[in-house]
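Chemist: Got a sequence here, can you build the structure:
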Amino acid sequence: MIDEADRLIPAEELARQNPIRILNESAAYRTARTALLAEEIELRRHIERVAAQRRALPPGGLVDGGYRFEGADGITDLAGLFGDHQTLVAYSYMFGPERVRPCPMCTNLLDAWDGNAADIGQRAALVVIARSPYARLAAWKAERGWRHLRLVSDLTGGFFRDYLGLSPEGEEMPAHNVFTRRDGAVRHFWSAEMTLSDPGQDPRGAPDPAPLWMVLDTTPEGRGADWYPQLDYAD
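Modeler: Purely as a prediction, here's the structure:
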């Protein structure tokens, strides 16, 4: 059996085949840029390997908590957040009732996700969960100008406690969780567990949670081989 790596052109060789040249670049620039391109190719390949390894995870733990959420459509449980999808991407938003304003970093991320939420919604359900009452979340959504994100309130706080939204000391943390629904069973699939950091760095995920493709890479279905976002979608 031929390993996938054996079918790939070595990154250094592929980088040397790059025909792009930038106006007025020096020979030294091109030499350094070609070396960097080889590293970028390796990074791209590593991201693909990590995404494949993530999709191949064995079934996660069953979700058996009696979680209750309130959103624009009323009160529901975790299974009700899936809609017609088999996969649910849930972001725990640092916007608890004790906060005057929500976390700026979470808000920055969600600003970007709002622009891609309709696209992501073609492949997986996406929901933003916070501990503040729903009326407060709805008011903030309107103030922020978010059009597509679905915000719900964790009515009991149990979801935040169980799925990495609270530290052992009770402090809010951002959390990115993915759940699956197969044969009527809701299971945990994946969580961002990058709470450890390298020297001089804040804890962060890899890849960074940028819109659309990175989000879909965290789902078992992945990006798909023949799906691309559209400018709009029919109701």
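
Chemist: Quick one: the strands in this structure, in order.
Modeler: Using DSSP state E, the strands of the chain run over 69-71, 74-76, 87-92, 125-130, 151-154, 175-182, 185-191.

Chemist: Same question for the last one: list its buried residues.
Modeler: Neighbour counts using 16 or more other CB atoms under 10 Å place 186, 188-191 of strand 185-191 among the buried residues. Backbone N, C-alpha and C define where each C-beta goes, glycine included.

Chemist: can you list contacts of it?
Modeler: 54, 57, 59-63, 78-79, 82, 87, 163-164, 175-181, 218-220 (CB atoms under 8 Å, 6 or more residues apart in numbering).

Chemist: Got a PyMOL select line for the buried ones in the residues you listed?
Modeler: Filtering the contacts of strand 185-191 down to the buried ones (16+ other CB under 10 Å) takes a single PyMOL command:
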select buried, resi 54+60+63+78+82+87+163+164+175+176+177+178+179+180+181+218+219+220
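
Chemist: which one is the residue nearest the centre of the chain nearest to, not counting chain neighbours?
Modeler: The residue lying closest to the centre of the chain (CA atoms, centre = their mean) is V215, at 3.6 Å. Residue nearest to V215 in three dimensions, not counting chain neighbours: I120, with 5.4 Å by CB to CB, 6 or more residues apart in numbering.

Chemist: Flag every buried residue along stretch 221-232.
Modeler: 222-223.

Chemist: Contacts for it next, please.
Modeler: Contacts for stretch 221-232 (CB under 8 Å, 6+ apart): 51, 55, 86-87, 116, 118-119, 122-124, 212-213, 216-217.

Chemist: Next up, the contacts around the closest residue to I41 other than its chain neighbours.
Modeler: Spatially, and ignoring its direct neighbours in sequence, I41 is nearest to A11 (4.1 Å; CB to CB, 6+ apart). A11 sits next to 38-39, 41-42, 45 when contact means CB under 8 Å, 6+ apart.

Chemist: of those, buried ones?
Modeler: Buried members of the contacts of A11, scored by 16+ other CB under 10 Å, are 38, 41.

Chemist: can you redo the contacts of A11 as a markdown table with distance to E169?
Modeler: A markdown table is the format used below for the contacts of A11 (distance: CB to CB, whole Å):
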| residue | distance to E169 |
| --- | --- |
| A38 | 44 |
| E39 | 39 |
| I41 | 43 |
| E42 | 39 |
| R45 | 39 |
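
Chemist: now, which of the contacts of A11 sits nearest E70?
Modeler: Closest to E70 out of the contacts of A11 is R45 (43.5 Å), distances taken as CB to CB.

Chemist: Pretty sure the closest one sits against I9.
Modeler: No - taking CB atoms under 8 Å as the definition, R45 is not a contact partner of I9, at 10.8 Å.

Chemist: so where's the protein shaky on pLDDT?
Modeler: Applying pLDDT under 70 to the chain flags the ranges 1-6, 195, 201-204, 210-211, 231, 235.

Chemist: Regarding it, what is its longest helix?
Modeler: Scanning the chain for the helix with the most residues, using DSSP state H, yields helix 27-55.

Chemist: list the helices and strands that helix packs on?
Modeler: Applying 3 or more CB pairs under 8 Å, 6 or more residues apart in numbering; DSSP states H and E, we find helix 27-55 packed against helix 11-16, helix 213-217.

Chemist: What residues of the longest one count as buried?
Modeler: Same thing as helix 11-16. Within helix 11-16, the residues scored as buried using 16+ other CB under 10 Å are 11, 15.
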